[in-house]
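Colleague: Pasted the sequence and its predicted model underneath.
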Amino acid sequence: MTIHTGRHSAPTLLVVGRGIAAARDALVESWSQWIADRETGGRTLDPYELKRTLRLIADLLPLMTGPMRREARDTWFAATELYGRLAEARGLSAGEVVEEFQHLRELLIVELGDLFVALPARQQLPAVLRVNRVCDHGVANAVVGYTDALVAKMFSKDGVPVPTADDVQELLGQLHTLEEDVRQLGERSAG
């Protein structure tokens, strides 16, 4: 019986995933600071809760760029959609949702630039494309979540979308569930 060692890119995916995991705290801090610097007006989401959401996405990135991507896909889609729903509750426009998520891509490029360059030449472009594809899916799904939340509020509030504390608390409950999913995925990937 022949045991296959997996795809040739598996070691590269592991390196990229570990690089993202190592940079997680710096990514979350930079991303949350950038968002805080841009915010104006009243907040409907506590900065701590926003940081939890950003950390959830940052925790999923190594799983989505590594060999656990198939197992983490549903959680990634749910987390990025939740990000869009929370962005709607924060009063952002669809363009601002995209801009916030695109900033994560920029931070990843800066944080992982040296890692990508250190990879063998034939693995550099596939690794960069994998990270970009994950970010693209995140952006698209965040916009879907944003749009769904906006449309639902418009229909439920006679065309006047006004976030309520109950709406935000329900979304934060989903955040807790997704954090637990990520914890379980992390345990399986380590085992």
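Modeller: Thanks, I have the structure now. The structure displayed is predicted, hence computed values, not measured ones.

Colleague: biggest helix in the chain by residues?
Modeller: helix 121-156 (DSSP state H).

Colleague: what does stretch 54-63 contact?
Modeller: By C-beta atoms under 8 Å, 6 or more residues apart in numbering, the surrounding residues in contact with stretch 54-63 are 16-18, 20-21, 24, 27-28, 31-32, 35, 69, 71-72, 75-76, 79-80, 83, 104, 108, 131, 134, 138, 175, 178-179, 182, 185-186, 189. No exception for glycine: its C-beta is placed from N, CA and C like everyone else's.

Colleague: I figured Arg105 was touching Cys135, is that so?
Modeller: Yes. The criterion here is C-beta atoms under 8 Å, and Arg105 meets it with Cys135 at 4.4 Å.

Colleague: Neighbour count for the two, which is higher?
Modeller: Higher neighbour count among Arg105 and Cys135: Cys135, with 21 against 16, using other C-beta atoms under 10 Å.

Colleague: tell me the angle the lowest-mean-pLDDT helix or strand in the chain makes with helix 121-156.
Modeller: Lowest on mean pLDDT, DSSP states H and E among the helices and strands of the chain sits helix 165-190, with a mean of 84. In terms of direction (axes from the mean of the first three to the mean of the last three C-alpha atoms, to 10 degrees), helix 165-190 departs from helix 121-156 by 160 degrees.

Colleague: Which elements pack onto helix 165-190?
Modeller: With contacts taken as 3 or more C-beta pairs under 8 Å, 6 or more residues apart in numbering; DSSP states H and E, helix 165-190 sits against helix 47-65, helix 69-89.

Colleague: for this protein, which spans come out with low pLDDT?
Modeller: 1-10, 40-44, 157-166, 191 (pLDDT under 70).

Colleague: Quick check, central residue of it?
Modeller: The residue lying closest to the centre of the chain (C-alpha atoms, centre = their mean) is Ile57, at 3.0 Å.

Colleague: ok, now how distant is that residue from Pro120?
Modeller: Distance of Ile57 to Pro120, given as C-beta to C-beta, to the nearest Å: 29 Å.

Colleague: Asp181 now?
Modeller: Distance of Asp181 to Pro120, given as C-beta to C-beta: 33 Å.

Colleague: next one: Thr75
Modeller: 31 Å.

Colleague: Looking at the two, which is more packed in?
Modeller: More neighbours surround Thr75 than the other of Thr75 and Pro120, with 22 against 9 (other C-beta under 10 Å).
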